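Enquirer: no FASTA, just this:
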DNA sequence: CCGGATTGTGGCACCGGTTCCACAGTGCTC
DNA sequence: GAGCACTGTGGAACCGGTGCCACAATCCGG
């Protein structure tokens, strides 16, 4: 266990000079710095971040709260965050936060409130005001990515507008019997991504004067996974009489499940059924899925940039997004409609049947 | 910023007594403990892990090195690790380690060598002896899960034996024209999972006196992703003359890609082509994929248990795996063959064509 | 040539805990 | 009743750095 005092002794300087030489803060002559650095290398000195954090109050560590790891969107975000933090010399502490329950409270009380992280990035979760305040009161900024965290700055796409766009794409193609496979929870949690997408769907339908097809109140909920989409798809497509000619799925994973269900039922996509997804999943191209593309990896990087700026870290980015150097939290993140083979105009046969 | 001295003052005791009362170490009367705990709660005291780590040398933090996040197997492992660590009060610091390159060196030199983590779990990577030693020399145990880390203890399935079993399943069904879609790198990195699976395939083929079909030397390599399997599948299945009747894919994701390629080419699975995968992917059931199932989530928990034992942490597990309380690193982790609809006996037509 | 600014260095307190040691009181054994 | 183990508590050193302050030397402007 080599300490900085060992380095100092070997280099023939005081602890403070050694510290200045190694951190680059304060005045040190070039000659002295060289000697200290050499001494450190010679004995394999590695600074203790703990000791440094204790006095500086900075940990060079960012906490990431994320509800799922094994869903494509979240995995991409996490990868983007990880790479960017690493490049800036920050560690990433992962909290795979369940949506609710005692485990969740524990994460806040026991983990996040402690002084281990400098900031928190909350991905795709809705933190209550109390939860957010618990962290912020301790001087740690929070950035919400695709969710909310009390009144903390929020980076997100325009889910509602994009969902509306997706639905309008189907309407423009001539579909009138359109269903929405909403993400589970779209009805309950008012501010969730699922709820926004559902609202956007309803916006477009209402404006076009169309009634949603399927389900009890016109919308079927599905777990945001491929099997979830499959099950909901079987349910929705099971009865020929009430079958829609087009489906807007709340995520690409749901859409893949629907396509699988359609295949199982012998329904041709897009011949008999058009499907549009949401996310821009990496498999969307291979399966020819029309979708609303967003870029989760880039969003992760973006969130890290924002956090580092809040921490006053130089980001080396000489083109700040706004004059004050902070990103414009009001501007939604980029999305675009990518039209592929899974959507087309409704077939004459089906139109006639209607 | 409340410190333990504030708690001590409020409770009318000394710092040391407050510390003992809160950590539960050493003698404190029940009455005093109660007063201290109350005082702590009253002022919202939260201990600084930094300060504690500085003196105890323990960080209650485990580093996880993992090459991919967005591949099913790794995502599952990560989730399993995360939950288990959290339940034991440990933090998880994530290092999304690329397979090689300067970033990789940086992770070792800059991050892992520092004193931030108590131990390292290396998932699906092959750490060189030098890399492993760099960490172990600092007194931090390493556990390798499904990879290697110098001479560190290793938890893994029997990839070679399981691959052999998968291949034998195809042979038992009567297939003779069998191809293997190996994971990219199976040829180069000798100790990789891909290489073991490839070897197991060759074991079975050799024993049955069969020559592998397809590719230059009888094996086609694929990225271990769905698109990777799709591309390799198109290539392998493109020429009717050399087309195999069965494929053993090195991962389920490759297998899904192959099935998609077969669909594109109009080849029925399993009618014309049998496919067996490897991993037990959560979508395998939905797609009727025969596979070698392993349980990555459980493996992650298992690795954490092993690490906590190495750290001398009581795990509350009163049924240790071996008498010394450490898992049996020589016994391979569980796998089993799960037969579903994607494999069957070769059709007469194809047999005749041969 | 003098005085203030700048550069370079060492000493020391301090961050917030843990732990060792000393000491006092209590209960028990012989 | 002496001796000892055990319980309970406070004082102080210490973990490994950082940063403030004092001090010396050099530089530069007027």
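Expert: Yes, it's here. A quick note: this is a predicted structure, and the numbers were derived from the prediction, not measured.

Enquirer: only C-alpha atoms for contact and neighbour calcs from this point on.
Expert: OK.

Enquirer: which stretches of the stretch 1-150 of chain A form helices?
Expert: Assigned helices in the stretch 1-150 of chain A, in chain order: A:4-11, A:15-23, A:30-43, A:49-56, A:72-87, A:102-106, A:129-136 (criterion: DSSP state H, counting those that start in this stretch).

Enquirer: for those helices, which one ends up most surrounded?
Expert: When these are scored by mean count of other CA atoms under 10 Å in any protein chain shown, the highest mean neighbour count falls to helix A:72-87 (a mean of 22).

Enquirer: quick check: mean pLDDT of that one?
Expert: Across helix A:72-87, pLDDT averages out at 96.

Enquirer: just stretch A:307-326 next, same as before
Expert: For stretch A:307-326, mean pLDDT is 71.

Enquirer: for stretch A:109-116, same thing?
Expert: Averaged across stretch A:109-116, pLDDT comes to 80.

Enquirer: ok, that stretch near DNA strand D or not?
Expert: No - Stretch A:109-116 lies out of reach of DNA strand D by CA under 7 Å from any atom of the strand, never closer than 14.5 Å.

Enquirer: swap in stretch A:48-55?
Expert: Yes - residues of stretch A:48-55 contacting DNA strand D under CA under 7 Å from any atom of the strand: A:48, A:51-52, A:54-55.

Enquirer: with pLDDT and distance to residue A:196 added, can I get the residues you listed in a markdown table?
Expert: Below are those laid out as a markdown table (pLDDT from 0 to 100; distance: CA to CA, whole Å):
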| residue | pLDDT | distance to residue A:196 |
| --- | --- | --- |
| A:48 | 94 | 46 |
| A:51 | 95 | 46 |
| A:52 | 95 | 44 |
| A:54 | 95 | 43 |
| A:55 | 94 | 44 |
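
Enquirer: where's the nearest residue to residue A:177 once chain neighbours are set aside relative to chain B, distance?
Expert: Nearest residue to residue A:177, sequence neighbours excluded (CA to CA, 6 or more residues apart in numbering or on different chains): residue A:244, at 4.8 Å. Using CA to the nearest CA, to the nearest Å, residue A:244 is found at 23 Å from chain B.

Enquirer: how about residue A:244, what does it touch?
Expert: A:177-179, A:213-214, A:237, A:273 (CA atoms under 8 Å, 6 or more residues apart in numbering or on different chains).

Enquirer: confidence score at it?
Expert: Reported pLDDT for residue A:244: 95.

Enquirer: what helix or strand does it sit in?
Expert: Counting by DSSP states H and E, no helix or strand carries residue A:244.

Enquirer: which ones are touching the residue of chain A found nearest chain B?
Expert: Across chain A, no residue is closer to chain B than residue A:93, which sits at 4.5 Å (CA to the nearest CA). Applying CA under 8 Å, 6+ apart, we find residue A:93 in contact with A:61-64, A:117, B:91-94.

Enquirer: do that again at 6 Å, thanks
Expert: Contacts for residue A:93 (CA atoms under 6 Å, 6 or more residues apart in numbering or on different chains) come out as A:63, B:92-93.

Enquirer: try residue A:175
Expert: Counting by CA under 6 Å, 6+ apart, residue A:175 has contacts residue A:346.

Enquirer: kindly report the residues of chain A close to DNA strand D.
Expert: A:1-5, A:15-16, A:19-20, A:22-23, A:25, A:45-48, A:51-52, A:54-56.

Enquirer: go through the contacts of residue A:93 and flag which are in strands.
Expert: If you go by DSSP state E, these have A:63, B:92-93 in strands.

Enquirer: between those, which is nearest DNA strand D?
Expert: residue B:93 (20.6 Å; CA to the nearest atom of the strand).

Enquirer: so how far is residue A:338 from that closest one?
Expert: 36 Å (CA to CA, to the nearest Å).

Enquirer: quick one on the thing from earlier: could you redo the contacts of residue A:93 as a markdown table and give each row pLDDT?
Expert: As requested, those are exported to a markdown table (pLDDT from 0 to 100):
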| residue | pLDDT |
| --- | --- |
| A:63 | 96 |
| B:92 | 96 |
| B:93 | 96 |
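
Enquirer: just name the closest of those to residue A:193, please.
Expert: The nearest member of the contacts of residue A:93 to residue A:193, counting by CA to CA, is residue A:63 at 21.8 Å.

Enquirer: I'd say the closest one and residue A:120 touch.
Expert: Yes - proximity of residue A:63 to residue A:120 meets the contact threshold set by CA atoms under 6 Å, at 4.7 Å.
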